[in-house]
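# let's see this in three dimensions:
(one chain, ligands or ions: 1)
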Amino acid sequence: MLRQVAEGVLVHESEFCQSNAVVVHGRAGVLLIDPGVQDHEMACLANDLSDSGQAVVAGFSTHPDWDHLLWHPRLGAAPRYGTARCAAAVRDQLSDPNAKADITDHLLETGIAERVPLDLYGLITALPAETAQIPWDGPHVRIIEHQAHAPGHAALFIEERGVLVAGDMLSDVLVPMLDLNGTADPIEDYLAALRLLEGVAGDVDVVVPGHGSVGGADQVHERIERDRAYVLALREGRVLGVPGVPGVLGDPRVGPSARPGWEWVSDVHDGQAQRLARRGERDGTPG
Ligand SMILES: [Zn+2]
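Next up, the predicted model:
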């Protein structure tokens, strides 16, 4: 079911990890950002769109993680854009003939593996590097690219509607997940990305994270601050584990205060804290 979050901007939520697909109304059809995860959910979205007489005229994937690269045949054959870095990362993934089988394997423990259609996976058209907005006939959608969660990750700012589509940043359920592969300073990258988002935050009325709840204007700064506090805590090597203390590092997303069903986020936190600690030992700098 599509839910309107601002004029001409609607969200379709997946059961899987509370993933949010975003629909933006344009003049001749809609822009679809991160379409969703499960086959029946994307079919439902396609139905909702055709019932309201809307065709998809452009797609966009915020970053090259599997859950943001899916597509359903009924959504049609519009170009599906990503940043140049995102598209390059996807090409690289797909150069491994086992890439799709690996995704299915990875999904076995979630119980949804057979409901994730991979036929149209990752067919991303690269936008030229430094492209400032999505090329389509609709409200301006500014591309705010940054290195933080994944290569070529982009948040999208629909200024006329006051909507920030954050990709996998600014979630109320997921802690910042840093890209620890192949970047020299993942902590500083993440902080820089948060500063970029902060640069538009004053004009944001609605923030839509890739996973989690849609937030209002009052949430934007709060989420940026919470993510920054988390990343700074990681840098200082403060790690998980004070039993009985609500939240860890004062962050409600990890430890005993994690939302039911999201306990695994604490394991993600533990894992990246440990990897960062090992990096620090190797190069002698904290984090
Ligand atoms: Zn995601």
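# same for the strand or helix carrying Met42, what does it pack against?
Following DSSP states H and E, one finds Met42 within helix 39-51. Helices and strands touching helix 39-51, by 3 or more Cβ pairs under 8 Å, 6 or more residues apart in numbering; DSSP states H and E, are strand 2-6, strand 9-13, strand 20-25. To be clear about C-beta, it is placed using only N, CA and C from the backbone, and glycine gets the same treatment.
# identify, out of those, the most deeply packed stretch.
strand 20-25 (a mean of 23; mean count of other Cβ atoms under 10 Å).
# now the element after it, going C-ward?
Past strand 20-25, the next helix or strand by DSSP H and E is strand 30-33.
# who touches that next one?
Contact with strand 30-33 is made by 21-24, 45, 49, 54-62, 75, 78, 134, 136, 138, 141, 156, 165, as judged by Cβ atoms under 8 Å, 6 or more residues apart in numbering.
# wait, which of the helices and strands packed on helix 39-51 is closest to the ion?
strand 20-25 (9.6 Å; Cβ to the ion).
# report whether that closest one contacts the ion.
No: in terms of Cβ under 5 Å from the ion, no part of strand 20-25 sits within range of the ion; the closest distance is 9.6 Å.
# state the mean pLDDT of stretch 172-186.
For stretch 172-186, the mean per-residue pLDDT is 91.
# got the buried residues for it?
172-179, 186 (16 or more other Cβ atoms under 10 Å).
# point out the residues in the stretch 51-200 of the chain that sit beside the ion.
Close to the ion, as judged by Cβ under 5 Å from the ion, the stretch 51-200 of the chain has residues 67, 168.
# quick check: the residue of the stretch 1-150 of the chain nearest the ion.
For the stretch 1-150 of the chain, Cβ to the ion, closest residue to the ion: Asp67, 4.5 Å.
# burial of that residue, as a residue count?
Here the number of neighbours of Asp67 (other Cβ atoms under 10 Å) works out to 20.
# helix, strand or coil: sort out it for me.
helix (DSSP: H, G, I helix; E, B strand; the rest coil).
# on that earlier part again, so the helix holding Met42 versus strand 2-6, what angle?
Using axes from the mean of the first three to the mean of the last three Cα atoms, to 10 degrees, the direction of helix 39-51 lies 70 degrees away from that of strand 2-6.
# can I get the following helix or strand past helix 39-51 as PDB, trimmed to CA atoms?
Toward the C-terminus, helix 39-51 is succeeded by strand 56-60 as the next helix or strand (DSSP H and E). Output of strand 56-60 as PDB, limited to C-alpha atoms (Å, rounded to 0.1, in the frame of the first residue of the first chain):
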ATOM      1  CA  VAL A  56       7.300   4.300 -14.000                       C
ATOM      2  CA  VAL A  57       9.300   6.700 -16.100                       C
ATOM      3  CA  ALA A  58      12.600   6.500 -14.200                       C
ATOM      4  CA  GLY A  59      14.100   4.400 -11.400                       C
ATOM      5  CA  PHE A  60      17.000   5.100  -9.000                       C
END
